[in-house]
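Novice: here is my input, please return the structure:
(one chain, ligands or ions: 1)
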Amino acid sequence: MKEQTLSIVKPDAVADGKFGSILQAIEDSGLRVVAARMLQLTRKQAEGFYEVHQERPFFGSLVEFMTSGPVIVSVLEGENAIPTYRKLMGATNPDEADEGTLRKRFAKDIEKNAVHGSDSAENAAIEIAYFFRAIDLVDRGI
Ligand code: CMP
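Specialist: Alright, predicted model coming up:
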């Protein structure tokens, strides 16, 4: 099933110059970028994006981190894009991530974990609409 998912390359990975390697791994997995943008999240934008986590003890620190530098948001498209990208990212905690996954390769810890990917079709639709309009998405012919 063809799906779309939202990816964020987080401030730690952008600052470390890892965007190129992450993009390469994404395209090598067969997924295609159909929209991309670099931006520095405001506090309000980061709080809104992670609203579901607002009661968690790590929420304040997460918002602080996500606003600490530029991020690259993109929409990835392909067969089963949501689970495919989650597999490529690896576990949230890099200590638990499989060898070769993006978080094993690039994450610093459970918070500064290099990348974000949507966890369900419902959330993918919400997260994509948070950053992109339908007109921003291109047709990569897949
Ligand atoms: P992400 O997949 O973007 O979803 C929520 C984010 O919160 C997660 O990646 C981490 O960056 C962060 N996070 C999740 N669990 C913890 C935790 N236990 N401690 C600190 N940060 C966390």
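Novice: around the ligand, pick out the residues from this structure.
Specialist: Residues of the chain found near the ligand (Cβ under 6 Å from any ligand atom) are 53, 58, 62, 92, 110-111, 113, 116. C-betas here are computed from N, CA, C, even on glycine.
Novice: among those, which are in strands?
Specialist: residue 116 (DSSP state E).
Novice: among the residues of the chain next to the ligand, name the ones in helices.
Specialist: In helices, judged by DSSP state H, the following of these are found: residue 62.
Novice: now the buried members of the residues of the chain next to the ligand.
Specialist: 62, 111, 113, 116 (16 or more other Cβ atoms under 10 Å).
Novice: in CSV, list the residues of the chain next to the ligand along with pLDDT.
Specialist: Below are the residues of the chain next to the ligand laid out as CSV (pLDDT from 0 to 100):
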residue, pLDDT
53, 98
58, 98
62, 98
92, 98
110, 98
111, 98
113, 98
116, 98
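Novice: closest one of the residues of the chain next to the ligand to residue 125?
Specialist: Residue 125 has its nearest neighbour among those in residue 116, at 15.4 Å by Cβ to Cβ.
Novice: residue ranges for the strands of the protein, please.
Specialist: 2-9, 32-39, 71-79, 115-117.
Novice: so what pLDDT did the closest residue to residue 139 other than its chain neighbours get?
Specialist: Nearest residue to residue 139, sequence neighbours excluded (Cβ to Cβ, 6 or more residues apart in numbering): residue 34, at 7.6 Å. Predicted confidence (pLDDT) at residue 34: the value is 98.
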